[in-house]
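Q: Following is a predicted model, sequence given first.
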Amino acid sequence: MTGAPMSTEVFTARGDHGPRPPLAARERIGAVTGYLLLVYRRTLRGTIISTFVSPLFFLLAMGIGLGSLIDERTGGLGGVPYLQFVVPAIVAMQTMWLAMFEATYPVMDYIKWSKLYDSMLATPLRVRDILVGHIGSIAGRLVVATAVFMLVASLFGGFATWGALWCLPIAVLTGLAFTVPIFGFTATQDNEDGFTILFRLIATPLMLFSGTFFPIDQLPAWMQPLAWVTPLWHGVESSRMVALGTVDPPWLALHLGVLLAFVLVAWVLCERALTRRLVK
Amino acid sequence: MAEEILLSARGLTKRFGDLTAVDGVDFAVHKGESFGFLGPNGAGKSSTMRMVGAVSPVTAGELRIFGQDPATHGPQIRARLGVVPQQDQLDQELTVEENMWVYGRYFGLSRAQVRERAVELLAFAQLTERAKDRVEPLSGGMKRRLTIARALISTPEMLLLDEPTTGLDPQARHLLWDRLFRLKRQGVTLILTTHYMDEAEQLCDRLVVMDHGRIVAEGSPQALIRQHSTREVLELRFDADDHAEFGTKIAGIGQRIEVLPDRLLVYAEDGDEAAAGVHDRGIQPLSSLVRRSTLEDVFLHLTGRTLVD
Ligand SMILES: Nc1ncnc2c1ncn2[C@@H]1O[C@H](COP(=O)(O)OP(=O)(O)OP(=O)(O)O)[C@@H](O)[C@H]1O
Ligand SMILES: [Mg+2]
């Protein structure tokens, strides 16, 4: 490999006048995530409530309340206690809500209200650095929120096997399959009006009809294909498989492939939308 | 003098759809100079500054910053610039010092470097006492000073200031001017926009007057005044809704008369002599005031409009 031609440019230190050495990708992305870490630390309490307490309510109400009724009447779903059926699905579902919150209002704030993205773009950073840094930070939050929820759910006996540990990476992938397209959607919006539609008309039905609380074969036949084309069903199905130890390799591969495709295709569109919005 | 040119534009143009915000402007700025864009709302000052800041793509024309093309060397150029945008872009929830640290990291400075620079710059901006306070409750002037301090964290060679003092009270403005003078003495090249003529006169070695995306005049404040105005101006107010009729009554006095809705301006080398001339014609104004010509008069003469309405 010949690599890049040797640079003949003479750089001065970053604090001195004159041409400056370019920032490594690690420095650029680290600067963005470093900022967001400060923001997250500041908003820690509110975050715990919005991202952790509400899945816990679902666990208590559905898993334990409704679950004991179902188990009493039917002996569980296909022999599986309802709690263990629903908990892996809630693990996947809570990532959707986290993505909904993190990729809407805060992103709009940085684009339009506080214009902090503009302040970043006035520095050596580029749109891609912002995107990688911000989405990477959201991924970090997905890891933490999911791990904490899984720990608590396991104390309630929500997981059947150690394979449930795989729910964590699957949940993060599911979360990203929502984060990236929603981020792109936000970049195309003039104001926050569209978010209400996103929450009410997309997130809520997805939560209810993606096989989270009951298998989608219970839905009318015409509704089932709708579940197939949205990320949540794929996240729920794969999460449930690994947690219950019922992995069907081709299906698992398909589910994960769909989630990955969501992330990658949405990334291209998202980067384009954010560039169009910020660089003008 | 073989002065180094840091910034040059030829036929620089910015269009947003059908609207031409910057319409083929030419200018060049030397190292260590302080250069201003003076113009009314919508003249295209911010659009020009954003192109110079290597964040807004040039529609047409040629722009070189540190000899480099922003289209191909954006990050390299921005690494050497300090930018104070028209609207403060601070994180209101973080503290003053946190805003400084975060921004320094965007330039690749180490944690130790940003902390050290933040202490120096907050002292420079007289914000040391507020370093650990959240930004949100600070006054407008303090936030503006913080934005300037933040722009300096990377020790820029060229500082771009888009309306640095708009909305500040006179005391806060003078404090800011003083800080900008100090930077200039340290060799920082200043490029600023303003629609305050006194600010332009105070701060700029050289400036361009912009209107409707075009440059209508260029020079030092004194040269512009000499070229486009008289030494003195007599301002007359009358007890009348329409000042135009008085304009005809005093025609011939001074070199030129401008009729504004609320007053008449008589341009003359000697204002007192002009006032005596008005008196000799038996005309009694409500008030009459002689002052020196300013850039405001230059602007009025060039565009037929006042700068700040
Ligand atoms: N992003 C944009 N999209 C569309 N039009 C724009 C955009 N930015 C500026 N303009 C238009 O370009 C023209 C020049 O605006 P600009 O902000 O450069 O003026 P300005 O001299 O800075 O004015 P002000 O003193 O009000 O800040 C205005 O008509 C404005 O509406
Ligand atoms: Mg402006």
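A: Everything's here; your move. Ligands and ions are numbered 1, 2, ... in the order given.
Q: Next, work out how far apart the closest residue to B:A172 other than its chain neighbours and ligand 2 are.
A: Computed as CB to CB, 6 or more residues apart in numbering or on different chains, the closest residue to B:A172 that is not its neighbour in sequence is B:G141, at 3.4 Å. Where you see a C-beta, it was placed from the backbone N, CA and C, and this is true even at glycine. Distance check for B:G141 against ligand 2: by CB to the ion, to the nearest Å, it reads 19 Å.
Q: Over to A:L264?
A: Note on A:L264: its distance to ligand 2, by CB to the ion, is 39 Å.
Q: Give me the local confidence score for the closest residue to A:G76 other than its chain neighbours.
A: Nearest-residue entry for A:G76: A:Y82, 6.0 Å, with adjacent residues in sequence omitted and distances by CB to CB, 6+ apart. Among the per-residue scores, A:Y82 holds a pLDDT of 93.
Q: from what I can see A:S114 touches B:E93, true?
A: No: checked against CB atoms under 8 Å, the pair A:S114 and B:E93 is beyond contact range at 9.2 Å.
Q: Out of the two, name the residue with the larger neighbour count.
A: With neighbours defined as other CB atoms under 10 Å in any protein chain shown, A:S114 and B:E93 compare such that A:S114 has more, 19 against 15.
Q: Report the contact partners of the more buried one.
A: For A:S114, the contact set (CB atoms under 8 Å, 6 or more residues apart in numbering or on different chains) comprises B:Q89, B:L90, B:D91, B:Q92.
Q: if we go to 10 Å?
A: Neighbouring residues of A:S114 by CB atoms under 10 Å, 6 or more residues apart in numbering or on different chains: A:P106, A:M108, B:Q87, B:D88, B:Q89, B:L90, B:D91, B:Q92, B:E93.
Q: Do I have it right that the third one meets A:K112?
A: Spelled out, that is B:Q87. No: with contact taken as CB atoms under 10 Å, B:Q87 and A:K112 are classed as non-touching, separated by 11.1 Å.
Q: Spit out the residues that contact the two alike.
A: Common neighbours of B:Q87 and A:K112, counting by CB under 10 Å, 6+ apart, are A:D118.
Q: more crowded one of those two?
A: Per other CB under 10 Å, whichever of B:Q87 and A:K112 has more neighbours is A:K112, with 16 against 13.
Q: Low-confidence regions, the stretch 1-150 of chain A specifically.
A: Of all residues in the stretch 1-150 of chain A, those with pLDDT under 70 make up the ranges A:1-13.
Q: which residues in it form strands?
A: Per DSSP state E, counting those that start in this stretch, the stretch 1-150 of chain A carries no strands over any range.
Q: rewinding a little: format the contacts of A:S114 as JSON lines; extra columns: secondary structure and distance to ligand 1.
A: Formatted as JSON lines, the entries for these read as follows, by DSSP: H, G, I helix; E, B strand; the rest coil; distance: CB to the nearest ligand atom, whole Å:
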{"residue": "A:P106", "secondary structure": "helix", "distance to ligand 1": "22"}
{"residue": "A:M108", "secondary structure": "helix", "distance to ligand 1": "17"}
{"residue": "B:Q87", "secondary structure": "coil", "distance to ligand 1": "10"}
{"residue": "B:D88", "secondary structure": "coil", "distance to ligand 1": "14"}
{"residue": "B:Q89", "secondary structure": "coil", "distance to ligand 1": "15"}
{"residue": "B:L90", "secondary structure": "coil", "distance to ligand 1": "19"}
{"residue": "B:D91", "secondary structure": "coil", "distance to ligand 1": "23"}
{"residue": "B:Q92", "secondary structure": "coil", "distance to ligand 1": "22"}
{"residue": "B:E93", "secondary structure": "coil", "distance to ligand 1": "26"}
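Q: among these, which ones are buried?
A: With neighbours counted by 16 or more other CB atoms under 10 Å in any protein chain shown, the contacts of A:S114 contain buried members at A:P106, A:M108, B:D88, B:Q89, B:L90, B:D91.
Q: so what's the second one up against?
A: With contact set as CB under 10 Å, 6+ apart, A:M108 has these partners: A:S114, A:T186, A:A187, A:Q189, A:D190, A:N191, A:E192, A:G194, A:F195.
Q: What's the per-residue pLDDT of the fifth one here?
A: At A:D190 the predicted local distance difference test score is 95.
Q: Could you say whether it sits in a helix, a strand or coil?
A: Secondary structure, DSSP: H, G, I helix; E, B strand; the rest coil: A:D190 is coil.
Q: now check stretch B:114-126, is it near chain A?
A: Yes: Stretch B:114-126 reaches chain A (CB under 10 Å from any CB of the partner chain) through B:E116, B:R117.
Q: Put the alpha carbons of that stretch into CSV.
A: The C-alpha trace of stretch B:114-126 is given here as CSV (Å, rounded to 0.1, in the frame of the first residue of the first chain):
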residue,chain,number,x,y,z
VAL,B,114,-9.4,24.0,27.4
ARG,B,115,-9.4,24.4,31.2
GLU,B,116,-6.4,26.7,31.2
ARG,B,117,-7.7,28.8,28.3
ALA,B,118,-11.2,29.0,29.8
VAL,B,119,-9.7,30.6,33.0
GLU,B,120,-7.8,33.2,31.0
LEU,B,121,-10.6,34.0,28.7
LEU,B,122,-13.3,34.3,31.3
ALA,B,123,-11.1,36.8,33.1
PHE,B,124,-10.7,38.6,29.8
ALA,B,125,-14.5,38.7,29.4
GLN,B,126,-15.0,39.7,33.0
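Q: Residues contacting that stretch, please?
A: Taking CB under 10 Å, 6+ apart as the criterion, the residues outside stretch B:114-126 that touch it are A:15, B:96-107, B:109-110, B:127-131, B:141-142, B:144-155, B:175-176, B:179, B:182-183.
Q: out of these, which are buried?
A: Buried subset of the contacts of stretch B:114-126 (neighbour count, 16+ other CB under 10 Å): A:15, B:96-107, B:109, B:127, B:130-131, B:141-142, B:144-155, B:175-176, B:179, B:183.
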